[in-house]
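Q: Let me see the structure of the following:
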Amino acid sequence: MAVLRFTGAGVVSTPTAVQIRVTRTLPGRLAAGAPIPDRTLSDEEVEANLRHFVVGLRGPRSRACDALVLSGVRLGERHGLAEVVRAARGWGLRRVSLHLGRDQRLALRRSPLAALVDDLAIVVRNELDLGDVAALCRQGPTVTAVLPLDDAGLARLDGMSSALAQVGVPRVVLTWPLSGDPPPHAATVAPRLPAAVQTLEAAGCAVSIKGLPLCALGPLARVAGRTRNRWYVDAAHQGPDALLFFPDVLRFSKLDACRFCGLEADCDGAPARWLALRRAGMLHPVDRAD
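A: Below you'll find the model as predicted:
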């Protein structure tokens, strides 16, 4: 049975994943509206937070986490993190994902953390990132390449999709910006996606689209879906004071007409800010068969 949590934006199902932002800065990341902490977490604080979410939340009125997302810079050089994650594996942590920054593949290869990570995610903005992706695909953990669908990313979409298909990355996420500068209009983005998805899928890549409402995607709604919620920890929000990614960090919105949509249960809607700025277009109900 799902454990529900009451928030100012309504009722949400309590997550079973926690994201820990280890460092203050995250250059090159995809902005999602998270607050910027004033300092970096120590290894001891990371351990305390994992103990809280993996062990401390076991009970009839709470849900323990079994998945971890680590984000930050130069985490491969923080060898103490490996001991923390290894301990959490013993407590019941099952899956570890790492958001890796540019030029960190060599540090990760030398780090004991590499053997404890199941998934690596790397943002691909231009050709300079392809070397990292190609090398990481040979190292063991499953690699996800994240292609931003901002103005710059949209201009490079065809070329980057072809390059990633040649590299053989197993998974690609095409992400409409969630925060930051206003993105290109959904009506501009959507027509550019079918060719990229076809190129990637022909090479055996699993493709996922995030950020855009399903009614904007037409047939490509098949490769999109709801985003799983997670706890969000940084130096200012730890343990019981952690944020929920939805709705504390980021809010999606829908229109009243969405209640009659055949895809409503599978759709996040659109980032509330973009909907207010009319960058998402007019959300409209569609039949599941469409």
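Q: starting at the chain centroid, how far to the strand ranked longest in the chain?
A: As assigned by DSSP state E, the longest strand anywhere in the chain is strand 142-148. From the chain centre to the centre of strand 142-148 is a distance of 10 Å (Cα atoms, centre = their mean, to the nearest Å).
Q: helices and strands around it, which ones?
A: Here strand 142-148 touches strand 119-123, helix 130-136, helix 157-167, strand 171-175, going by 3 or more Cβ pairs under 8 Å, 6 or more residues apart in numbering; DSSP states H and E. Every C-beta, even on glycine, is put in place using the N, C-alpha and C of the backbone.
Q: now do the same end-to-end measure for stretch 21-34.
A: End-to-end distance for stretch 21-34: 10 Å, by Cα to Cα, to the nearest Å.
Q: rewinding a little: tell me which of the helices and strands packed on strand 142-148 lies nearest to Arg230.
A: strand 119-123 (13.5 Å; Cβ to Cβ).
Q: by how many degrees do that closest one and strand 142-148 diverge?
A: Interaxial angle, strand 119-123 versus strand 142-148 (axes from the mean of the first three to the mean of the last three Cα atoms, to 10 degrees): 20 degrees.
Q: What segments of the stretch 1-150 of the chain are strands?
A: 4-7, 10-13, 17-21, 67-71, 95-99, 119-123, 142-148 (DSSP state E, counting those that start in this stretch).
Q: can these go into a markdown table with extra columns for distance to Arg109?
A: Below are those laid out as a markdown table (distance: least, Cβ to Cβ, whole Å):
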| stretch | distance to Arg109 |
| --- | --- |
| strand 4-7 | 39 |
| strand 10-13 | 37 |
| strand 17-21 | 22 |
| strand 67-71 | 17 |
| strand 95-99 | 13 |
| strand 119-123 | 12 |
| strand 142-148 | 13 |
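Q: Format these as CSV; extra columns: mean pLDDT, mean neighbour count and distance to Ala206.
A: CSV is the format used below for these (pLDDT from 0 to 100; neighbours: other Cβ atoms under 10 Å; distance: least, Cβ to Cβ, whole Å):
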stretch, mean pLDDT, mean neighbour count, distance to Ala206
strand 4-7, 46, 11, 30
strand 10-13, 54, 12, 25
strand 17-21, 97, 23, 19
strand 67-71, 96, 23, 18
strand 95-99, 96, 21, 15
strand 119-123, 93, 21, 12
strand 142-148, 95, 23, 9
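Q: Out of those strands, which gets nearest to Glu45?
A: Glu45 lies closest, by Cβ to Cβ, to one member of those: strand 17-21, at 9.0 Å.
Q: Distance from the closest one to the middle of the chain?
A: Remark: strand 17-21 is offset 11 Å from the chain centroid, using Cα atoms, centre = their mean.
Q: strands paired with it, and their directions?
A: When pairing is defined by DSSP bridges, strand 17-21 lines up against strand 67-71 (parallel), strand 231-233 (parallel).
Q: So what touches the first one?
A: With contacts defined as Cβ atoms under 8 Å, 6 or more residues apart in numbering, strand 67-71 is touched by 16-22, 26, 29, 50, 81, 85, 88, 93-99, 230.
Q: Just want the angle from that strand to strand 95-99.
A: Interaxial angle of strand 67-71 relative to strand 95-99 (the same axes, to 10 degrees): 20 degrees.
Q: possible to save the strands paired with strand 17-21 as CSV with distance to Asp103?
A: Shown next, in CSV, are the strands paired with strand 17-21 (distance: least, Cβ to Cβ, whole Å):
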stretch, distance to Asp103
strand 67-71, 16
strand 231-233, 26
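Q: Okay, helices next: where are they in the chain?
A: With DSSP state H, the ranges of helices along the chain come out as 43-50, 80-91, 105-110, 130-136, 151-155, 157-167, 186-189, 193-202, 272-276.
Q: For the fourth one, enumerate the helices and strands it packs against.
A: So that's helix 130-136. Helix 130-136 sits against helix 105-110, strand 119-123, strand 142-148, helix 157-167, with contacts defined as 3+ Cβ pairs under 8 Å, 6+ apart.
Q: could the ones you listed be laid out in CSV, adding distance to Gly269?
A: Listed next are the helices and strands packed on helix 130-136 as CSV, based on distance: least, Cβ to Cβ, whole Å:
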stretch, distance to Gly269
helix 105-110, 35
strand 119-123, 23
strand 142-148, 20
helix 157-167, 23
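Q: Lovely, talk soon.
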